[in-house]
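Trainee: Provided below for reference: sequence and predicted model.
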Amino acid sequence: MAYQTTNPYTEQAGAPFAECTAEQLETRLATAAACYGTWRSTTFAQRKAVLLRAAALMRERSEHLAGLITEEMGKRIAESRGEVALSAAIIAYYAEHAEQFLATEEIAVKGGEAIVESSPIGVLFGVEPWNFPYYQIVRFAAPNLMAGNVVMVKHASNVPQCALAYEQLMHDAGAPAGAYTNLFISKDQVAQVIDDLRIRGVALTGSEAAGAVVAARAAHNLKKTTMELGGSDAFIVLEDADLDLAIKHATSGRMDNTGQACTASKRFIVVESMADQFLLRFRAALEQFKPGDPMDEATTMGPLSSESALHTLLDQVERARANGATVLLGGARLARSGYFMQPTILSDVARSNPAYKEEFFGPVALFFRVKDEDAAVQLANDSPFGLGGSVFTNDIERGKRVAGRIETGMVFINAALTSSPELPFGGIKNSGYGRELSAAGIQEFVNKKLIRVA
C-alpha cells in the first residue's frame, strides 16, 4: 500500500513514503523485543516520567500536530486541536493512574495467602485508522507502555506524517528505542508481524472486514486481541425529551469530524409525537453547515478523508435510494473541489434495504419514526452493531431504564457520545470486543498472575 498524504481539500498528493524492507522490519522487531527485556523492568515512576513528558510535548506542539491532521484527513482545525488536547490528557491520565490500576490484589483465603500481580506480556502490535490519527494511537499505546509492554503500530496509509510525528514525539520524550515503533508495512507484512513469535498481542481499530481478517490471523497464532470496529449508533428521542437539547446533540453527534466516527450518531429514532418537529429542525440545522477550507476557522464542515471514502458513501446512498429509501436532504457530492458531500437525511429505510444494517461513515443520517419507547428500543437493537447510543428524555430514571435495554457497549443520556480518559470505551456484537480507556483499558494486555502461599 502507498503511504502518502493526499490533502482532501486541495486533492493534491505529496511524495510517498517508502515501505519497510524485509530487513528493516526484522531490525525493528528485534529492537522492540530487546527493548521489552529492559522496559518491563523499569519502575512506574520511570515510565511515568516518559509519558508525562510526551503529554507535555503534545501540548507544546499542538499547532503543528493539529495541522498535520487537517492536512492529511481533512478534520477542521478546531477539531484537530481538540484531538491533540484529548490525546495528551489520555497519556497523562495513564501516567498518573497506572500504578494504582495495576496494584497487587490480595485474595482472602483459608490458610496462607494469595495475591494477584499484574505484569506485562511483551511486544504488542496495533493496527490503527485515519479518522483520529493521535487519539486512536494513544488509547492503545499509553496504557500498554505504562503496563510495561512495548508497542508497534501500523497506521493508516493516508496519515503517514501524523504517524511519524507521534513516533518522533515519543523519542523526544525519552522513550528508549523500540518502546514505540511506527511501521510502514504492506498487508502481507501485517500478517508476518502477527505471525511473529515476538508479538504477544494484537489490537485493531477499523472496519468489520479488517477486524475479521486480523482477529482470525491472531487467533490462529493463539494471541490475545482487542477489536474496536464499526458502529451504527441509535439516537433515541422520546416524547418527553427537551427538543432543543436533542437537536443540538443530534447535529453535533452526526456532523462532528464530518460524520467520520465509529461512535457518531447515525440512526435517529424518534417517537411519533416528536417526529415532525425533530425532522424539521434537524434538517434546518444540517442545511446551515458551511463547507470550506478546514484550516479556516469559519468553516463548519470539512471534506471527507479521501476520494474513495466519498465514492463509498455516494454508492451507499444510491443503493439505499434504489431499494426504496427517500432522500429528504442532500445525497450528492458538492459541486466544488475537495472531497465534500452534502449533509444527507434518508428516511423510509425498510428492513429489507441494505442501508438498514450498514454503517454510513460520513454526513448521512437515517431517520426513523416509531410508535413508542418499546418500538424505539426494538429498532435500536435490530442492528449488527453495538458500540454506542443516546437516549433523550427529561425523566432520568426512565432514561437509565431505556439505556439498560439497549444492546451496546456505551449509552449516553441526554448527550451524544463523547470520549474521556476515565470512561471505558468499546462495544459488543460486530462492533468488536475488549475495552480501551479507563481502568479497564490497561487490563487487556497484562498477565494476572496468581501467587499462592500455602
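Mentor: Structure received.
Trainee: give me the mean pLDDT for stretch 341-350.
Mentor: Averaged across stretch 341-350, pLDDT comes to 98.
Trainee: contacts for it next, please.
Mentor: The set of residues that contact stretch 341-350 without belonging to it, under C-beta atoms under 8 Å, 6 or more residues apart in numbering, is 255, 279, 282-283, 286-287, 289, 301, 304, 310, 313-314, 317, 320-321, 323-334, 355-356, 362-368. C-beta coordinates here come from the backbone N, C-alpha and C atoms, glycine included.
Trainee: which among those end up buried?
Mentor: For the contacts of stretch 341-350, a neighbour count by 16 or more other C-beta atoms under 10 Å gives the buried set as 255, 279, 282-283, 286, 289, 301, 304, 310, 313-314, 317, 320-321, 325, 327-331, 333-334, 355-356, 362-368.
Trainee: state the distance from residue 345 to residue 296.
Mentor: In this view, residue 345 and residue 296 are 26 Å apart by C-beta to C-beta, to the nearest Å.
Trainee: which of those two has more neighbours?
Mentor: Neighbour totals were compared for residue 345 and residue 296, and residue 345 leads with 21 against 13 (other C-beta atoms under 10 Å).
Trainee: show me the strands in the stretch 1-150 of the chain, by range?
Mentor: Along the stretch 1-150 of the chain, the segments classed as strands by DSSP state E, counting those that start in this stretch run 105-107, 113-120, 123-127, 150-154.
Trainee: quick one: list the elements packing against the first one.
Mentor: When contacts are defined as 3 or more C-beta pairs under 8 Å, 6 or more residues apart in numbering; DSSP states H and E, strand 105-107 packs onto strand 113-120.
Trainee: neighbouring strands - and their directions - for the strand it packs on?
Mentor: strand 105-107 (antiparallel), strand 446-453 (antiparallel) (DSSP bridges).
Trainee: give me every residue that touches residue 420.
Mentor: residue 437.
Trainee: can you tell me what sits against the one helix or strand residue 167 maps to?
Mentor: If you go by DSSP states H and E, residue 167 is part of helix 160-172. Applying C-beta under 8 Å, 6+ apart, the external contacts of helix 160-172 come out as 3-5, 17, 50, 53-54, 57-58, 61, 64-65, 68-69, 71-72, 133-134, 137, 141, 153, 155, 177, 179-182, 184.
Trainee: if you set the cut-off to 6 Å instead, what comes out?
Mentor: Taking C-beta atoms under 6 Å, 6 or more residues apart in numbering as the criterion, the residues outside helix 160-172 that touch it are 3, 5, 17, 54, 57, 65, 68, 72, 133, 137, 155, 180, 182.
Trainee: taking these, please make a PyMOL selection of just the buried ones.
Mentor: For the buried members of the contacts of helix 160-172, the matching PyMOL selection, counting by 16+ other C-beta under 10 Å, is:
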select buried, resi 3+5+54+57+65+68+72+133+137+155+180+182
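Trainee: and stretch 409-416, how far apart are its ends?
Mentor: Separation of the first and last residues of stretch 409-416 by C-alpha to C-alpha, to the nearest Å is 14 Å.
Trainee: care to break the chain down by domain?
Mentor: 22-229+431-453, 233-420 (automatic domain parsing).
Trainee: ok, the residue lying closest to residue 161 once chain neighbours are set aside to residue 294 distance?
Mentor: With C-beta to C-beta, 6 or more residues apart in numbering as the criterion, residue 161 has its nearest non-adjacent residue at 4.9 Å, and that residue is residue 68. Shown here: residue 68 relative to residue 294, a distance of 12 Å by C-beta to C-beta.
Trainee: over to residue 358?
Mentor: Using C-beta to C-beta, one gets 26 Å for the distance from residue 358 to residue 294.
Trainee: between those two, tell me which one has more neighbours.
Mentor: Residue environment comparison for residue 358 versus residue 294 gives the larger neighbour count to residue 294, 26 against 20, counting by other C-beta under 10 Å.
Trainee: which pLDDT value goes with the more buried one?
Mentor: Here the pLDDT value assigned to residue 294 is 98.
Trainee: with residue 1 instead?
Mentor: What the model reports as pLDDT for residue 1 is 65.
Trainee: count of neighbours near residue 21?
Mentor: Other residues near residue 21 number 10, with proximity taken as other C-beta under 10 Å.
Trainee: ok, now how distant is it from residue 155?
Mentor: Following C-beta to C-beta, the distance that separates residue 21 from residue 155 is 18 Å.
Trainee: out of the domains of the chain, which gets nearest to residue 11?
Mentor: When the domains of the chain are compared for distance to residue 11 using C-beta to C-beta, the nearest one is domain 233-420, at 6.3 Å.
Trainee: straight-line length of the closest one, end to end?
Mentor: Taking C-alpha to C-alpha, the span from the opening residue of domain 233-420 to its closing residue is 18 Å.
Trainee: can you tell me the element residue 278 falls in?
Mentor: Element membership of residue 278 [criterion: DSSP H and E] is helix 272-287.
Trainee: helix or strand next in line after that helix, which one?
Mentor: The helix or strand immediately downstream of helix 272-287 is helix 307-322, counting by DSSP H and E.
Trainee: contact partners of the helix or strand that that next one is followed by?
Mentor: Moving toward the C-terminus from helix 307-322, the first helix or strand encountered (DSSP H and E) is strand 326-329. If you take C-beta under 6 Å, 6+ apart as the criterion, strand 326-329 is touched by 283, 321, 344-345, 347-348.
Trainee: how far off centre is the following helix or strand past strand 326-329?
Mentor: In the C-terminal direction, the helix or strand that comes right after strand 326-329 (DSSP H and E) is strand 344-347. Computed by C-alpha atoms, centre = their mean, to the nearest Å, the separation of strand 344-347 from the middle of its chain amounts to 24 Å.
Trainee: quick revisit: switch the contacts of strand 326-329 over to JSON lines; also include distance to residue 260.
Mentor: Compiled in JSON lines, these are given as follows (distance: C-beta to C-beta, whole Å):
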{"residue": "283", "distance to residue 260": "21"}
{"residue": "321", "distance to residue 260": "22"}
{"residue": "344", "distance to residue 260": "14"}
{"residue": "345", "distance to residue 260": "17"}
{"residue": "347", "distance to residue 260": "22"}
{"residue": "348", "distance to residue 260": "25"}
